[in-house]
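J.: Need a 3D model of the following:
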Amino acid sequence: MTIEYDLEADDVIEFNLFHHQNSPATQRIVRNGIILRVVIWCVLSVGLWQFAVRRGFDLVTGAIFVSPFAALALCSVALHPWQHRRGIRKIVERMYREGTNRGLFGRRTIELSPERIVETTEFGETVQNWNAVERIVQDANHVFIYVTAVSAFIVPRRAFLHDWDFDDFVETARRFHQQAGGAVPADVASG
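T.: Residues are numbered from 1 along each chain as shown. A predicted model of the protein is given here:
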């Protein structure tokens with residue numbers, strides 16, 4: 001099975017966002033960031049409330065004084081995952097602008113055979129045996145055929161004329177991977 005398509009910067013950015021969203025290491029970083037924000041805002045709120053009470057405010061007035069800070073704390077915690085995703089997007093965009101990346105973007109052909117996956121561009125060819133593939137996952141718009149913990153062949157859904165062609169490609173890749181002794185895939189959908 002062979003597919004030809006253009007890999008665009010947005011595809012690579014979406015892969016990085018997908019990976020960061022589904023990586024246990026990144027999930028720990030986001031969780032720790034949320035916990036840190038909660039702790040900081042709680043300490044600030046208690047400190048401000050104590051300051052208000054010591055200045056002679058009664059408990060209710062002190063609570064009213066602190067309530068805008070508590071609201072900011074909730075907003076900060078709620079927005080943290082979005083801010084993290086936005087930060088990842090900016091970093092990835094900047095990194096890819098640092099070079100020409102001619103071999104990364106542009107026209108390519110992916111060929112699936114029972115033994116291997118072959119990606120060909122005008123700059124060269126990458127060959128991976130299926131037993132070297134770590135996992136195959138997909139989101140709504142791509143399939144990612146991971147060859148290391150952090151790199152993958154990226155195949156966009158738009159490369160296929162019909163959705164069933166995309167589904168057939170993914171199923172074929174998974175079948176070849178399993179036949180080579182690869183793990184049973186788990187679907188991961190990004191939001």
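J.: in what helix or strand does the closest residue to residue 159 other than its chain neighbours lie?
T.: Closest residue in space to residue 159, ignoring its immediate chain neighbours: residue 5 at 3.4 Å, by CB to CB, 6 or more residues apart in numbering. Quick note: C-beta positions are derived from backbone N, CA and C, even for glycine. Secondary structure assigned from DSSP states H and E places residue 5 in strand 2-7.
J.: Kindly provide the distance from the residue nearest to residue 44 when sequence neighbours are not counted to residue 33.
T.: When the adjacent residues along the chain are set aside, residue 44 lies closest to residue 69, with 6.1 Å between them (CB to CB, 6+ apart). Applying CB to CB, to the nearest Å, one obtains 19 Å for the distance of residue 69 from residue 33.
J.: same thing with residue 177?
T.: Look at residue 177 and residue 33: by CB to CB, they are 34 Å apart.
J.: Pick out whichever of these two has more residues nearby.
T.: Remark: of residue 177 and residue 33, residue 177 carries more neighbours, 23 against 15, as counted by other CB atoms under 10 Å.
J.: In which helix or strand does that one reside?
T.: When elements are defined using DSSP H and E, residue 177 is found to belong to helix 163-179.
J.: before we move on, what about residue 20?
T.: Using DSSP H and E, the secondary-structure element containing residue 20 is helix 9-22.
J.: which residues are contacting that helix?
T.: The contact list for helix 9-22, computed with CB atoms under 8 Å, 6 or more residues apart in numbering, reads 26, 84-85, 88-89, 92-93, 96, 104-105, 137, 139, 141-142, 144, 150, 152, 154, 156, 188, 190-191.
J.: What remains of those if I keep only buried residues?
T.: Buried members of those, counted by 16 or more other CB atoms under 10 Å: 84-85, 88, 92, 96, 104-105, 137, 139, 142, 144, 152, 154, 156.
J.: Wait, a strand at residue 137?
T.: Yes: the assignment for residue 137 is a strand, going by DSSP: H, G, I helix; E, B strand; the rest coil.
J.: In this structure it contacts residue 143, no?
T.: Yes: using CB atoms under 8 Å, residue 137 and residue 143 qualify as a contacting pair, with a distance of 7.4 Å.
J.: intersection of neighbour lists for the two?
T.: None of the residues lies in contact with both residue 137 and residue 143 under the rule CB under 8 Å, 6+ apart.
J.: ok so the residue nearest to residue 44 is a helix residue?
T.: Yes: under three-state DSSP, residue 69 sits within a helix.
J.: what residues are up against it?
T.: In this structure, residue 69 makes contact with 41, 44-45, 48, judged by CB under 8 Å, 6+ apart.
J.: now the strands: where do they sit in the chain?
T.: 2-7, 106-112, 116-121, 124-129, 135-138, 142-146, 152-156 (DSSP state E).
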